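Asker: I'd like to go over a predicted model; first the sequence, then the structure.
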Amino acid sequence: MLEKVSVAQARLEESVGKEVVLQGWVRTCRDMKTMCFIALNDGSCFGNIQLVADDSLTNYDSEVKKLTTGSSIYAEGKIVASPGSEQPTEVQVTKLEVYDIAPAEYPLQKKRHTLEFLRSIAHLRPRANTFNAVARVRNRLCYSIHQFFQSRGFYYIHTPLITASDCEGAGEMFKVTTLDLANVPRTPDGNVDYTQDFFGKPAFLTVSGQLAVENYACAMGKVYTFGPTFRAENSNTSRHLSEFWMIEPEMAFYTLSENMQLAEEFLKTLLRDVLNDCAEDMQFFNDRIDPSHTLLESLTKIVECDFQRCSYTQAIEILTNAKQKFQYPVQWGVDLQSEHERYLTEVHFKGPVIVHDYPKDIKAFYMRLNDDEKTVRAMDVLTPGVGEIIGGSEREYRYDVLENRLKELGLNPEDYWWYLDLRRFGTVPHSGFGLGLERILMFVTSMQNIRDVIPFPRFPGNAEF
């Protein structure tokens, strides 16, 4: 009986001798007059399987010889050891059916396409080697994220995408409304009358699930949320998206030190899993995407090393004494720029470092204020080549201090009444951090534009597909 297998399965040496069914898309077809060599891919792995179809097939002249790049087919045959050195197996075809022959204008021909061009055909670019590989690595990272937390007793919490609270306090939020924008209802003083809107008040797409997931941390101990978040930031850069995915664990009774340790273990686990389970894809990124061809070596070093710890104040001292000249001046109180973070990781520490205890004025309202009342218990995980990849903190759990911080930053405590309630009823120390999925994807693949590590990028002026 024929066994339906994937290309990944068919390429294994132990599959030799099996009679199988394969289905997929033609990457190339070489016509040798009485025989065709067809490279088939179905997305299950980076490499192709070679199909050998000869002129004994009844549709050899009418269809097989006419196969083009992008055509879709069904094939039956026997897996045999390949006489060539490029692949361990190939398939001797006994039957081949054509689903569709791609026309000459099929955009993904056998040549190099620019990433900008491929972005314009985001519905087809998953068939290109680069995006095929990105999708598999993204999938493995997502699986690894859930495995990591589930194996450590965390609960997965679904936090709302529609919210009335601004977690970051920056106001860069997409408004959600059902009001008729051509005839907006007004109050007597001329403001928008949100009482007539769907929720009866202003509502937005969330910039973070953190505030909501803290509710469950204060009831269930260790939790995490993993979902889409949105920023209405008009940044048309290679590092910003309007829609992206965030992983945000939150842990009751965790100190900043415990939070840093968990973040280190988390990042190492993700890198280790990708290196182990996506070896072929990662080799492609190392050889074809990373300009220095040292991606695999760099990621392996991070997995094997201990992350250094350094206070913000110590980091400023290191940067101030550095012989290197920076574009952005360094002084206590400024936010670290990418060039500063890379100097710390690549030149001074020569490896990952976790910087902690930042000035309160450059961090969010919910971070635990230190006794010096100048710094907060925040931490950023910095890695070579990228800089900040994880940000987190111990949370402010004292009611009066949190209320004052909200007022300091011009936020209305009444908008956060439920968040403040957590500090009234059984408040506890707790900590958490956030990791942007697309940011770590850029890191592990060496892709230089964040728009190329998400299936359908959303950014200013673009909501296609």
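Answerer: Okay, I see it.
Asker: what about the protein, any weak spots by pLDDT?
Answerer: 166-171 (pLDDT under 70).
Asker: at 80 instead, please
Answerer: Applying pLDDT under 80 to the chain flags the ranges 85, 165-171.
Asker: hmm, who's touching stretch 356-369?
Answerer: Defining contact as C-beta atoms under 8 Å, 6 or more residues apart in numbering, one finds that stretch 356-369 is touched by 167-169, 210-211, 256, 260, 309-313, 332-335, 370, 373-380, 393-397, 401-402, 405-406, 408-409, 411, 419, 429. Heads up, the C-betas are built off the backbone N, CA and C, glycines and all.
Asker: what's the span of it from first residue to last?
Answerer: 12 Å (C-alpha to C-alpha, to the nearest Å).
Asker: Then stretch 318-335?
Answerer: End-to-end distance (C-alpha to C-alpha), stretch 318-335: 15 Å.
Asker: Then stretch 436-452?
Answerer: OK, stretch 436-452 end separation, C-alpha to C-alpha: 14 Å.
Asker: So what touches that stretch?
Answerer: Applying C-beta under 8 Å, 6+ apart, the external contacts of stretch 436-452 come out as 115, 118-119, 130-131, 133-134, 137-138, 141-142, 145, 238-241, 244-247, 267, 270-271, 274, 282, 285-286, 289-291, 295, 299, 383, 385-386, 389, 453-454, 457, 459.
Asker: Ok, stretch 22-39 next?
Answerer: 4-7, 10, 40-43, 48-55, 60, 64-65, 67-77, 91, 93, 102, 110, 127.
Asker: rerun at 6 Å
Answerer: 40-42, 48, 50-51, 53-55, 64-65, 67, 71-72, 74-75, 110 (C-beta atoms under 6 Å, 6 or more residues apart in numbering).
Asker: Strands - which of these land there?
Answerer: 40-41, 50-51, 53-54, 72, 74-75 (DSSP state E).
Asker: filter those residues to the buried ones?
Answerer: Neighbour-count burial (16 or more other C-beta atoms under 10 Å) is assigned, among the ones in strands among the contacts of stretch 22-39, to 40-41, 50-51, 53, 72, 75.
Asker: Just give me the closest of the residues you listed to V16.
Answerer: Q50 (13.6 Å; C-beta to C-beta).
Asker: pretty sure the closest one is touching P88, no?
Answerer: No. With contacts counted by C-beta atoms under 6 Å, Q50 stays clear of P88, the gap being 10.6 Å.
Asker: just to revisit the earlier point, which of the contacts of stretch 356-369 count as buried?
Answerer: 167, 169, 210-211, 256, 260, 310, 312-313, 370, 375-380, 393-397, 402, 405-406, 419, 429.
Asker: and those, which of them are in strands?
Answerer: Those of the buried ones among the contacts of stretch 356-369 lying in strands (DSSP E): 310, 375-380, 393-394.
Asker: can you list those residues in TSV and add distance to T34?
Answerer: Converted to TSV, those look like this (distance: C-beta to C-beta, whole Å):
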residue	distance to T34
C310	68
T375	77
V376	74
R377	74
A378	70
M379	67
D380	64
S393	69
E394	72
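Asker: Break down the stretch 251-400 of the chain into its strands, ranges please.
Answerer: Assigned by DSSP state E, counting those that start in this stretch, the stretch 251-400 of the chain shows strands spanning 308-311, 353-359, 375-383, 387-394.
Asker: Give me the residues contacting the third one.
Answerer: Just to be clear, that refers to strand 375-383. Residues outside strand 375-383 that contact it (C-beta under 6 Å, 6+ apart): 256, 260, 263, 341, 345, 352-360, 363, 367-369, 388-394.
Asker: Could you tell me the angle between that strand and strand 387-394?
Answerer: In terms of direction (axes from the mean of the first three to the mean of the last three C-alpha atoms, to 10 degrees), strand 375-383 departs from strand 387-394 by 150 degrees.
Asker: what about strand 375-383, distance to the chain center?
Answerer: 20 Å (C-alpha atoms, centre = their mean, to the nearest Å).
Asker: Could you list the alpha-carbon positions for it in CSV?
Answerer: What follows is strand 375-383, C-alpha atoms only, in CSV (Å, rounded to 0.1, in the frame of the first residue of the first chain):
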residue,chain,number,x,y,z
THR,A,375,15.9,54.2,40.1
VAL,A,376,13.5,51.4,39.5
ARG,A,377,14.0,47.6,39.6
ALA,A,378,14.0,47.3,35.8
MET,A,379,16.1,45.0,33.7
ASP,A,380,17.0,44.7,30.0
VAL,A,381,18.7,41.6,28.5
LEU,A,382,21.3,42.8,25.9
THR,A,383,22.9,40.5,23.4
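Asker: Let me know the angle separating that strand from strand 353-359.
Answerer: Put simply, strand 375-383 runs at 150 degrees to strand 353-359, going by the same axes, to 10 degrees.
Asker: Please apply the same query to the last one.
Answerer: With the same axes, to 10 degrees as the basis, strand 387-394 and strand 353-359 are set at 50 degrees to each other.
Asker: which helices and strands does strand 387-394 pack with?
Answerer: Judged by 3 or more C-beta pairs under 6 Å, 6 or more residues apart in numbering; DSSP states H and E, strand 387-394 is in contact with helix 256-277, helix 338-342, strand 375-383, strand 430-436.
Asker: do the first one as well
Answerer: In terms of contacts (3+ C-beta pairs under 6 Å, 6+ apart), strand 308-311 is packed against strand 353-359.
Asker: the helices in the stretch 51-200 of the chain, which residues?
Answerer: Applying DSSP state H, counting those that start in this stretch to the stretch 51-200 of the chain gives helices spanning 115-120, 129-150.
Asker: most tightly surrounded among these?
Answerer: The highest mean neighbour count among the helices of the stretch 51-200 of the chain, using mean count of other C-beta atoms under 10 Å, belongs to helix 129-150: a mean of 18.
Asker: Can I get that one in PDB, CA atoms only?
Answerer: Listed next in PDB are the C-alpha coordinates belonging to helix 129-150 (Å, rounded to 0.1, in the frame of the first residue of the first chain):
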ATOM      1  CA  ASN A 129      13.400  29.600   0.400                       C
ATOM      2  CA  THR A 130      14.100  32.500   2.800                       C
ATOM      3  CA  PHE A 131      10.500  32.900   3.900                       C
ATOM      4  CA  ASN A 132       9.800  29.200   4.000                       C
ATOM      5  CA  ALA A 133      12.700  28.900   6.400                       C
ATOM      6  CA  VAL A 134      11.600  32.000   8.500                       C
ATOM      7  CA  ALA A 135       8.100  30.400   8.900                       C
ATOM      8  CA  ARG A 136       9.600  27.100  10.100                       C
ATOM      9  CA  VAL A 137      11.900  28.900  12.600                       C
ATOM     10  CA  ARG A 138       9.000  31.100  13.800                       C
ATOM     11  CA  ASN A 139       6.800  28.000  14.300                       C
ATOM     12  CA  ARG A 140       9.600  26.200  16.300                       C
ATOM     13  CA  LEU A 141      10.100  29.300  18.500                       C
ATOM     14  CA  CYS A 142       6.400  29.500  19.300                       C
ATOM     15  CA  TYR A 143       6.300  25.800  20.200                       C
ATOM     16  CA  SER A 144       9.400  26.200  22.300                       C
ATOM     17  CA  ILE A 145       7.900  29.200  24.100                       C
ATOM     18  CA  HIS A 146       4.900  27.200  25.200                       C
ATOM     19  CA  GLN A 147       7.000  24.200  26.100                       C
ATOM     20  CA  PHE A 148       9.300  26.300  28.300                       C
ATOM     21  CA  PHE A 149       6.500  27.800  30.400                       C
ATOM     22  CA  GLN A 150       4.300  24.800  30.500                       C
END
